[in-house]
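Peer 1: A predicted structure for the sequence below; I have some questions about it.
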Amino acid sequence: MTATITDKEFTRFRDFIFEAAGITLADSKKALVSGRLSKRLAAHGCDSFSNYLDLILGTQAPGELQVAVDLLTTNETYFFREPKHFELLRKQAQSSAKARRPLRVWSAACSSGEEVYSIAMVLDDVMGTQGWEVMGSDISTRMLRRARAGHYLLERTRQVPSDYLRRYCLRGFGDHEGSLLVQRQLRDRVQFCHLNLMDSLPRASSYDMIFLRNVMIYFNGDTKRQVVSRVLSVLKPGGHLLIGHSENLNGINDQVMAVAPSVYRKPEGQP
């Protein structure tokens, strides 16, 4: 018999994911929590959501807490989402290539990696094999495994330019019909790491462009301010922060200037 999540249990899970990842779940997400976690209850023989939460917060199931976080934080993404951002990326890459200056890009909350590989294709196309770095990070270890594999359904690649499909992807045959694999040389050029945006960021790293897209919609005001402040601490002066088109930094941060819809620039000379 499938357990039904009560309002009290949903509140406990809402508090749990807020503490773990800073994500605020609306009341309308009750069915999502139930749907994504039901199989985990069955896997552990839990007869209620309360028992499952007690399990993941205890010590009897090491690793299950990360499984629950993975399931509750997975976001939808696809290749070359919001094309204007990739036009800006291309211009920055051309400028860096002309000046023989390296370009470092961070995809914060990269999910299953489509954004990272989209960035990498543009940089390789413009700058060749040298002079650029791309880092993708996410709170979900399950999504990071998928990202590192670079294996996607063809239907998710409709926005990839045909030239890029030929140059950077291998079409699947036989058992892999209907899918593609990002070429190894491109997979080997990018890096992925497990990172929670609620934690302190490595200050040794600094980036020319940071993609923080469609992430803030899951945070409340205070959490947005904290996350944006952390992210901007590793953005180079003169660098660009890109967010989702449904998001803005009004009342969130005044350290960067809006230069286009969903595009912000950190002034030169600012630490």
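Peer 2: Everything's here; your move.
Peer 1: Please make it C-alpha for all contacts and neighbour counts, starting now.
Peer 2: Fine.
Peer 1: Next one: residue 205, what pLDDT does it get?
Peer 2: pLDDT recorded at residue 205 is 76.
Peer 1: Without its sequence neighbours, what residue ends up closest to it?
Peer 2: Spatial nearest neighbour of residue 205, chain neighbours left out: residue 234 (6.3 Å); criterion: CA to CA, 6 or more residues apart in numbering.
Peer 1: Of all the residues in whichever strand or helix holds residue 118, which ones are buried?
Peer 2: Following DSSP states H and E, one finds residue 118 within helix 114-127. By neighbour count on 16 or more other CA atoms under 10 Å, the buried set for helix 114-127 is 114-124, 126-127.
Peer 1: so where do the helices sit in the stretch 151-271 of the chain?
Peer 2: Secondary structure of the stretch 151-271 of the chain (DSSP state H, counting those that start in this stretch): helices located at 162-168, 184-187, 221-232.
Peer 1: which outside residues touch the last one?
Peer 2: With contact meaning CA atoms under 8 Å, 6 or more residues apart in numbering, helix 221-232 is reached by 22, 197-198, 200-201, 216, 241, 252-253.
Peer 1: Let's see that with 10 Å instead.
Peer 2: Applying CA atoms under 10 Å, 6 or more residues apart in numbering, the set of residues contacting helix 221-232 from outside is 18, 21-24, 106, 108, 196-203, 206-207, 210-212, 215-219, 239-241, 249, 251-256, 266, 271.
Peer 1: wait, isn't residue 4 in contact with residue 48?
Peer 2: Yes. Using CA atoms under 10 Å, residue 4 is in contact with residue 48, at 7.3 Å.
Peer 1: Quick check: neighbours shared by the two?
Peer 2: residue 38.
Peer 1: Looking at these two, which one has more neighbours?
Peer 2: The residue with more neighbours, out of residue 4 and residue 48, is residue 48; 17 against 14, by other CA atoms under 10 Å.
Peer 1: residues touching that one, list them.
Peer 2: By CA under 10 Å, 6+ apart, residue 48 lies in contact with 2-6, 9, 38, 41-42.
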